[in-house]
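1. Here is my input; please provide its structure:
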Amino acid sequence: MTCSGDAHGSASLLLVDDDRLILGTLAAGLRHMGYQVAVADCVEQAEALLGGGLHPDLAIVDVRLPGRDGLSLAQRLAEVDHVPFLMLSAYSDSGVVERATHSGALGYLVKPLALNQIQPAIETALQRAGELEGLRRTHAQLQAALDADREINVATGITMVQYRMARRPAFELLRNAARAQRRKLSAVAQEIVRACESLHR
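-> A predicted model of the protein is given here:
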């Protein structure tokens, strides 16, 4: 296992290939370009690095590895570690390309690779990964806002019933309570909803 950290603010990569010659040559070339590179020659070694706290900006994974194949590692990268990845293979097999794409690969590279060919693919994948992460964050923020609105609406309804109020005065009562407590309206609403749920269990 090797890791280089001499690049200044450059992207970090995890390179996984069982061909040690390709692994060493590619890693050296990528480091020369300024990338930080960690290497592994099998799925288990890659998982040990990830389990030890490595979180690369991008992984480049060979499809054909001894034991478990690269697609099983790809699944972990996508679902557990949330690390974007490119798949690498000596064969341009349409079935494997389809499986790699389905597993979330941002690209598929066919060996042998020239370094001047792989760098644009890496940069494109990093840019795409950044865009996808931005979309995920936006989606999470929107979902949080929707959940908060739902709880505010439910809490307003509870207040209307409890104090026999119209909707607007009930909402104002909640908002004033939040201001008085110097808390977010959504937090006060969530508390009211949970209190009501616990009473009806």
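2. Would you tell me what helix or strand residue 59 is located in?
-> strand 58-62 (DSSP states H and E).
3. any idea how far that strand is from the chain center?
-> Mean-position distance between strand 58-62 and its chain equals 15 Å (Cα atoms, centre = their mean, to the nearest Å).
4. And stretch 191-201, by the same measure?
-> Its chain's C-alpha centre and that of stretch 191-201 lie 34 Å apart, by Cα atoms, centre = their mean.
5. Only the buried residues of it, if you could.
-> Buried residues in stretch 191-201, counted by 16 or more other Cβ atoms under 10 Å: 192, 193. (Each C-beta comes from the backbone N, C-alpha and C, glycine too.)
6. and what of stretch 166-183?
-> Using 16+ other Cβ under 10 Å as the test for burial, stretch 166-183 gives 170, 171, 173, 174, 177, 178.
7. residues in contact with that stretch?
-> With contacts defined as Cβ atoms under 8 Å, 6 or more residues apart in numbering, stretch 166-183 is touched by 152, 155-157, 159-160, 163, 165, 184-185, 187-189, 192.
8. show me what contacts residue 156?
-> 167, 170, 171, 174, 189.
9. one more time with 10 Å
-> By Cβ atoms under 10 Å, 6 or more residues apart in numbering, the contact set of residue 156 is 165, 167-175, 185, 189, 192.
10. With residue 32 instead?
-> By Cβ under 10 Å, 6+ apart, the neighbours of residue 32 are residue 115.
11. how close does it sit to residue 121?
-> Using Cβ to Cβ, to the nearest Å, one gets 17 Å for the distance from residue 32 to residue 121.
12. Heading C-terminal from the longest helix along the chain, find the next helix or strand.
-> If you go by DSSP state H, the chain has its longest helix at helix 115-163. Sequence-wise, the next helix or strand downstream of helix 115-163 (DSSP H and E) is helix 167-180.
13. domains in this structure, as residue ranges please.
-> Split into domains by automatic domain parsing, the chain comes to 12-113, 139-199.
14. Confirm residue 13 sits in a strand?
-> Yes. If the criterion is DSSP: H, G, I helix; E, B strand; the rest coil, then residue 13 is within a strand.
15. packing partners for the helix or strand residue 73 falls within?
-> Per DSSP H and E: residue 73 is located in helix 70-76. Applying 3 or more Cβ pairs under 10 Å, 6 or more residues apart in numbering; DSSP states H and E, we find helix 70-76 packed against strand 12-16, helix 43-51, strand 58-62, strand 85-89, helix 94-102.
16. Fine by me, we can end here.
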